[in-house]
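Colleague: Output the structure for:
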Amino acid sequence: MSEKGGHRDDEEARTEALFRYRVIATLLDDRAAAPLRARVAEIATESHLHPTRGERRLSERTLWSWLKDFRGEGIDGLRPRTRSDKGAVRATSAGVLDRAETLRRELPARWTSTVLDILVREGRVHIHRGHDQAAIFVTTLAV
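Modeller: Below you'll find the predicted structure:
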């Protein structure tokens, strides 16, 4: 592994980088007749056989991202990154979820971000800078 948040350097990461390269390789040909945007759109409609995960479909956004990463850093840019929160507890306790559900049931129109703000003020959760606050509880609080 590399430094926190950097590119991983293990066999699985190298396999992933090679898969990503195989998918975008045709996009690297500047002499292709079709415009790049059209070629990206076409590749996004296809299924791709991942070496460990089977058939995969990829979004245009993913393909553009991989293309940018490859152009900026070469094959190393296609290796997955180490999670910046590696080693941190990402689970939410049952008590916090119960309190969040209670807050939502008290006022069903209450926004998720408001529920989260209340939980922060009560000291039940801590928000790390960079997280999408609304996304943290969206699936849990659907009532």
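Colleague: Which residue ranges make up each domain of this protein?
Modeller: With domains defined by automatic domain parsing, the chain comprises 11-78, 94-141.
Colleague: Comparing those, which yields the minimum mean pLDDT?
Modeller: Confidence, taken as mean pLDDT, is least for domain 94-141 of the domains of the chain (a mean of 75).
Colleague: now the domains of the chain in TSV, with mean neighbour count?
Modeller: Where you see a C-beta, it was placed from the backbone N, CA and C, and this is true even at glycine. Output for the domains of the chain, formatted as TSV (neighbours: other C-beta atoms under 10 Å):
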stretch	mean neighbour count
domain 11-78	14
domain 94-141	13
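Colleague: Nearest residue to His126 in space, ignoring adjacent ones along the chain?
Modeller: Spatial nearest neighbour of His126, chain neighbours left out: Val120 (7.2 Å); criterion: C-beta to C-beta, 6 or more residues apart in numbering.
Colleague: Ends of stretch 43-56, what's the gap?
Modeller: Its start and end residues considered, stretch 43-56 measures 11 Å (C-alpha to C-alpha, to the nearest Å).
Colleague: List of residues touching that stretch?
Modeller: 12, 15, 19, 22-24, 26-27, 57-60, 63 (C-beta atoms under 8 Å, 6 or more residues apart in numbering).
Colleague: Trp111: which of those is nearest?
Modeller: Ser59 (27.9 Å; C-beta to C-beta).
Colleague: and the gap between the closest one and Ala41?
Modeller: 11 Å (C-beta to C-beta, to the nearest Å).
Colleague: repeat for Thr92
Modeller: Taking C-beta to C-beta, one finds Thr92 at 38 Å from Ala41.
Colleague: Which pLDDT value belongs to Val143?
Modeller: 37.
Colleague: Helices along the protein, start to end?
Modeller: 11-24, 36-44, 60-73, 94-106, 112-121, 133-141 (DSSP state H).
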